[in-house]
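# With the sequence up front, the predicted model follows.
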Amino acid sequence: MVPQTPPSSSPRLILAAASLAIVFLVLGTIGGLIFSGAANPLVLADPGPFVRWGLPVVRGMTDLATAVAIGALAMTAFATAKGTWQQRRLLDLAGISAAIWAGAGTLTTVMTYLSVTGTGFSGSKTFGDGLWLFVSSINLGQNLSLNVLAGAVVAILAFSVSGTVASLFVAVLAMLGLVPLAISGHASGTQGHSMAVNALGLHLVGVSVWVGGLVAAWAIRSKDAEANQVVTRRYSSLALFAYFVVAASGIGAASVRILNPAEILTPYGELILAKSAILLVVGALGAYYRLRLLSKTAQSRGFYRLIGLEVAVMGMAMGLATALAHTAPPANNVDLSNPTPAQILTGEKLPPELTSARWLTEWKPDLIWLTIGVFGIVLYLVGFWRLQRRGDSWSLARTLSWIGGMLLLIWITSGSMNVYEEYLFSVHMIAHMMLTMAVPLLLVPGAPVTLISRAVQKRTDDTRGVREWVLWAVHTPYARFVSNPLFAALNFATSLVIFYYTPLFSLATRNHLGHEWMIVHFLITGYLFVQALVGIDPGPKPINFPVRLMILIGTLTFHALFGLSLMMGDGLLLADWFGAMGRTWGQTPIADQQNGGAIAWGVGEFPAAILTIMVSVQWANSDAREARRKDRASDRSGGADLEAYNQMLAANAAKRAAEVERREAVTAARQAQQDRQYETGGHTESGEAGE
């Protein structure tokens, strides 16, 4: 159990830390605005100095409150046990922060309306109607309102719930509340939209866990130095992950705005450099106190000074980020006076004709899946290294299979397929089939759950870390249901028809969030199907091998029928998209779609053939293992089991022989009786005449 030592971090100390962060956030925001000139009066529709200076400050306050709420919830789920004062304090901290998030977000929404319309605040009906139109019908207003609503719901839930599992769900809900902000940060249908949205979303998550987690770790410090070290180490794990996410997302966001080196010397570029420098300073501070001070008393005054310095620097970084968000990026001289059909639909120019070489040379990184792929490889190798260092064995083939699957996932989501799938249905179908069949075929043999259960140390204090959460997730009733082989096969087979012949296909093609959902859905669908057939990770009771082969054949037949329907069809799916790109190279849209049907039928057969071989090999190996098991059991018993088996066979043979003799005797008796009746002229033994 987590020790119930009285806390040493009083509410006054927590308030002091929050005040320190707020002061430096405001200083960073105002300094950044002055440096970049973002708060200078506008030539047209100027909203006034109060809005020009106040909106960025309030926006920064909203971001800080959001970060503390999310960080507190993350630490609740990752570092506290149910029923402890630490958990209750963090939930209360999350609730208070989320309430501030909702309140400051409401003020941000109103001031954003004043900024974009250039009007002044009033209590008139006209102003109210305009504000309502902004939050109900304009994308920017809708997204800001959804973010405010998320803050209000998180505040209510944080004050209402208790327990680690409930805290995790509230933390996930709070992170989903960041999605509207990520979407509103860059206009859809413009150049670099997907990279900008992904970068901002990852950045918000990373900063929230990093900054908010630090405040939360400070809030649950106690007089127990050992418990403080445990909390600090657990926060350090989250902070290390968040640090690299923030760094990667910052680079991704800068790549959209800064298109040539000369633009680094603009005010926008110089703010990015200043923010990057602060990122390096905070990383160095974090590494110093975690590596040096964890071995010393956790109550030292130096510890608090260093933590206070880190909080102040983080507040400054958030202030610069807020000023950066209100600073106009360099003009990239993109000519939109006569946009092409492809630019109107996708925001990007039509790529060059797809050739054999461009399958490898064309790249369009998807920052979310690039991050997932890199972390997936690194963390797997860390687990492999831990087992090797401990002297435990782990198959090199499984490791290589996992790495190959992650590299293939990166190539599908960030390589040439991500470049051309918006313009060619056939490329989209290749990406789809590889996501749902080829990638899982490499990932499942890697057995990640088994590796985690062996490589990650088990916690003994009733808290839940990575190992505990993963094992909990795979054993929930929902996980057992969706991973059931019959459901997994049905989901795998029907997803094709449901996706392509419903509005879901249009949503995934036109909408960035829909596209990301499509990747998640088909990747998980394929993973569950392959896991049900050949996986070794924990799951439902495995089905016998003949049934596995029957399920596999049935799903392949369904895929073939789907492919044939596309090959023989003469109606173009999403004609106003694939047929309106203005593409002058390659096949016609309908011929390309029919080619996509052939891909669904033909290309999908290759992974299916490998899967069939894997099931057959596992079947043969299972029979061989069973034979070896029986042989070992026979050796251990000195052949007694074989002798008993032979005696059983002999007893069964004797029983069958006796049964045969009995039946022969009965038959002979009946025959003798019939003979006597015949000899006596049909009279019975009692002497009565027969009729």
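Happy to help now that I have it.
# so Phe505 makes contact with Gln593?
No: contact criterion C-beta atoms under 8 Å: Phe505 and Gln593 do not qualify, at 11.8 Å. (Glycine included, C-beta is placed from N, CA and C.)
# which one of those two has more residues nearby?
Ranked by neighbour count (other C-beta atoms under 10 Å), Phe505 and Gln593 place Gln593 first, with 26 against 18.
# excluding its backbone neighbours, what's nearest that one?
Sequence neighbours aside, Phe425 is the residue nearest to Gln593 in space, at 4.7 Å (criterion: C-beta to C-beta, 6 or more residues apart in numbering).
# So Thr29 is in contact with Thr327, correct?
No: assessed by C-beta under 8 Å, Thr29 is found out of contact with Thr327, at 11.1 Å.
# So the two - more neighbours on which side?
Thr29 (30 against 22).
# that's a helix at that one, yeah?
Yes: the assignment for Thr29 by DSSP: H, G, I helix; E, B strand; the rest coil puts it in a helix.
# Now do it against Leu44, distance only.
Per C-beta to C-beta, to the nearest Å, Thr29 is found 24 Å from Leu44.
# likewise Leu238?
In this structure, Leu238 and Leu44 are 45 Å apart, going by C-beta to C-beta.
# Output stretch 231-240 in CSV with nothing but the alpha carbons.
C-alpha atoms of stretch 231-240 as CSV (Å, rounded to 0.1, in the frame of the first residue of the first chain):
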residue,chain,number,x,y,z
VAL,A,231,6.6,9.7,-7.2
THR,A,232,9.4,11.7,-8.8
ARG,A,233,10.7,8.6,-10.7
ARG,A,234,7.2,7.9,-12.0
TYR,A,235,6.7,11.5,-13.0
SER,A,236,10.2,11.4,-14.7
SER,A,237,9.0,8.5,-16.9
LEU,A,238,6.0,10.5,-18.1
ALA,A,239,8.2,13.7,-18.4
LEU,A,240,10.8,11.9,-20.6
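# so where's the stretch 51-200 of the chain shaky on pLDDT?
185-191 (pLDDT under 70).
# where exactly do the strands run in it?
In the stretch 51-200 of the chain, no strands are defined using DSSP state E, counting those that start in this stretch.
# Any stretches of this protein with poor pLDDT?
In the chain, residues with pLDDT under 70: 1-13, 185-191, 289-306, 331-337, 604, 622-645, 675, 678-679, 681-691.
# May I ask which helix or strand encompasses the residue positioned nearest the centre of the chain?
For the chain, Val520 is the residue whose C-alpha lies nearest the centre (C-alpha atoms, centre = their mean; 7.1 Å). Assigned by DSSP states H and E, Val520 falls within helix 512-534.
# about what we covered before: which of Leu238 and Leu44 has more residues huddled nearby?
Remark: of Leu238 and Leu44, Leu238 carries more neighbours, 21 against 5, as counted by other C-beta under 10 Å.
# what distance separates the one helix or strand that one maps to from the centre of its chain?
Taking DSSP H and E as the criterion, the element that holds Leu238 is helix 225-257. Relative to its parent chain, helix 225-257 has a centroid offset of 18 Å by C-alpha atoms, centre = their mean, to the nearest Å.
# which strands and helices sit next to that helix?
helix 49-79, helix 193-207, helix 213-219, helix 267-292, helix 367-390 (3 or more C-beta pairs under 8 Å, 6 or more residues apart in numbering; DSSP states H and E).
# Is it possible to get CSV of the ones you listed that adds mean neighbour count and distance to Gln674?
Below are the helices and strands packed on helix 225-257 laid out as CSV (neighbours: other C-beta atoms under 10 Å; distance: least, C-beta to C-beta, whole Å):
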stretch, mean neighbour count, distance to Gln674
helix 49-79, 25, 88
helix 193-207, 23, 94
helix 213-219, 26, 98
helix 267-292, 16, 102
helix 367-390, 17, 81
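# just so I know, which of the ones you listed lies nearest Val311?
Of all the helices and strands packed on helix 225-257, helix 213-219 sits nearest to Val311, with 6.5 Å by C-beta to C-beta.
# Report all helices and strands that that closest one contacts.
Helix 213-219 packs on helix 11-36, helix 49-79, helix 85-117, helix 225-257, helix 301-325, going by 3+ C-beta pairs under 8 Å, 6+ apart.
# which of the ones you listed is buried the deepest?
When the helices and strands packed on helix 213-219 are scored by mean count of other C-beta atoms under 10 Å, the highest mean neighbour count falls to helix 49-79 (a mean of 25).
# If you compare the directions of that one and helix 193-207, what angle comes out?
Between helix 49-79 and helix 193-207, the angle comes out at 60 degrees (axes from the mean of the first three to the mean of the last three C-alpha atoms, to 10 degrees).
# thinking again about what came up before, shared neighbours of Phe505 and Gln593, anything?
Common neighbours of Phe505 and Gln593 are listed as Leu573 (criterion: C-beta atoms under 8 Å, 6 or more residues apart in numbering).
# pretty sure Pro267 contacts Ser36?
Yes: the pair Pro267 / Ser36 is scored as a contact, 4.1 Å apart, by C-beta under 8 Å.
# Show me the common contact partners of the two, please.
Thr327.
# what's the closest non-adjacent residue to Phe29?
Small correction: residue 29 is Thr, not Phe. Gly319 (4.0 Å).
# Report all helices and strands that the helix holding Val520 contacts.
Other helices and strands packing on helix 512-534, by 3+ C-beta pairs under 8 Å, 6+ apart, are helix 179-184, helix 193-207, helix 439-443, helix 485-500, helix 504-510, helix 545-568, helix 605-636.
# And for stretch 600-617, what's in contact with it?
429-430, 432-433, 437-438, 441, 496, 530, 533-534, 545, 548-549, 552, 556, 559-560, 562-564, 566-567.
# same thing but at 6 Å, please
429, 433, 437-438, 441, 533-534, 548-549, 556, 559-560, 562-563 (C-beta atoms under 6 Å, 6 or more residues apart in numbering).
# Any chance of CSV for those, columns distance to Leu140 and neighbour count?
Below are the contacts of stretch 600-617 laid out as CSV (distance: C-beta to C-beta, whole Å; neighbours: other C-beta atoms under 10 Å):
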residue, distance to Leu140, neighbour count
Met429, 35, 24
Met433, 38, 25
Met437, 40, 23
Ala438, 40, 22
Leu441, 43, 25
Leu533, 47, 25
Val534, 48, 21
Arg548, 51, 22
Leu549, 54, 16
Leu556, 47, 18
His559, 42, 21
Ala560, 47, 16
Phe562, 40, 20
Gly563, 42, 24
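# next one: phi and psi at Ser222?
Backbone torsions of Ser222, given as degrees, to the nearest 10, read phi -130, psi -170.
# and it, bridged to which residues?
Beta-bridge pairing of Ser222 under DSSP bridges involves Pro7.
# domains for this structure, by residue range?
Annotated domains of the chain cover 11-325, 354-457+466-580+587-633, 646-679 [automatic domain parsing].
# about what we covered before: go through the contacts of stretch 600-617 and say which is closest to Leu360.
Proximity of the contacts of stretch 600-617 to Leu360 (C-beta to C-beta) peaks at Ala438, which lies at 16.7 Å.
# now for the strand or helix carrying Ile410, which elements pack on it?
Here Ile410, judged by DSSP H and E, is contained in helix 396-414. Helix 396-414 is packed against helix 367-390, helix 439-443, with contacts defined by 3 or more C-beta pairs under 6 Å, 6 or more residues apart in numbering; DSSP states H and E.
# Can you tell me what sits against the following helix or strand past it?
The first helix or strand that comes after helix 396-414 along the chain, using DSSP H and E, is helix 416-420. With C-beta under 6 Å, 6+ apart as the test, helix 416-420 has contacts from 351, 354, 358-359, 362, 364, 366, 427, 431.
# pull the longest helix from the protein.
Counting by DSSP state H, the longest helix found in the chain is helix 640-679.
# ok now it, how far from the chain's centre?
The answer for helix 640-679 is 69 Å, by C-alpha atoms, centre = their mean.
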